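*Asks:* I would like the atomic coordinates for the input below:
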Amino acid sequence: MTAGGEHGHGHHPAAPTDVERRVAAIESLLVERGLIGAEAVDAVVETYERDLGPLNGARVVARAWVDGDYRSRLVADGTRAVAELGIGGAEGEHLVVLENTPEVHNVVVCTLCSCYPWPVLGLPPRWYKSAAYRSRMVREPRAVLAEMGTTLPGDVDLRVWDSSAETRYMVLPLRPPGTEDLDEAALVPLVTRDHMIGVVR
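*Replies:* So this is what the prediction gives:
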């Protein structure tokens, strides 16, 4: 197991920031006054978690699967390569792309809080921010992956990478077998956020 990306300070659960507390208070007030339903808030969050942001990352992955030169540029300099597709911005600086191979599987965690490459993956899922995931993925990654439905063969080298404010990681998953005849557009829907975090093989 390999750990990457040091935060440079203690690994304690982060207290909510002032902005997070304000957002929670505003959301509670809007729901309490009947101006918006909790279900509507959850639906918006779900859209950004699963669809809008991850669609950007899926485009990146699909391009890398069909274009070997692009894949090489992506692994060499993730930030610059995703910018070629018009993707970038806050929370996406210093993006490192980790390429899975038949022999190596990468998975990403942020042990301190929830550092995450928003431009390519959208909002971090709740489980990614949970104390259990943040601590256990470093100590017992194979067990955590198995609980999430991913069992790796024993001969696959599992590498765990610790995201930070300085460096954020995205996994370039293996192209699924049997997709050799699919073009880039047809490959995009096959890529999920969980593939790009590394919790799905």
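*Asks:* Going by C-alpha atoms from here, please, whenever you check contacts or count neighbours.
*Replies:* OK.
*Asks:* looking at the chain, which helix or strand is least sure?
*Replies:* helix 38-47 (a mean of 67; mean pLDDT, DSSP states H and E).
*Asks:* Where does residue 71 fall, secondary structure wise?
*Replies:* In this structure, residue 71 sits in helix 68-76 according to DSSP states H and E.
*Asks:* Next: residue 161.
*Replies:* Residue 161 belongs to strand 157-162, assigned by DSSP H and E.
*Asks:* for that strand, packing partners?
*Replies:* strand 104-109 (3 or more C-alpha pairs under 8 Å, 6 or more residues apart in numbering; DSSP states H and E).
*Asks:* returning to what we had before: run through who's touching the helix holding residue 71.
*Replies:* With C-alpha atoms under 8 Å, 6 or more residues apart in numbering as the test, helix 68-76 has contacts from 63, 64, 65, 80, 81, 82, 96, 97, 98, 99.
*Asks:* Just the CA atoms of that helix, as CSV, please.
*Replies:* The C-alpha atoms that make up helix 68-76 are tabulated as CSV, following Å, rounded to 0.1, in the frame of the first residue of the first chain:
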residue,chain,number,x,y,z
GLY,A,68,-3.1,7.0,-26.2
ASP,A,69,-1.4,10.3,-26.6
TYR,A,70,-4.0,12.1,-24.5
ARG,A,71,-3.7,9.3,-21.9
SER,A,72,0.1,9.9,-21.7
ARG,A,73,-0.5,13.7,-21.3
LEU,A,74,-3.2,13.1,-18.6
VAL,A,75,-0.9,10.9,-16.5
ALA,A,76,2.0,13.3,-16.9
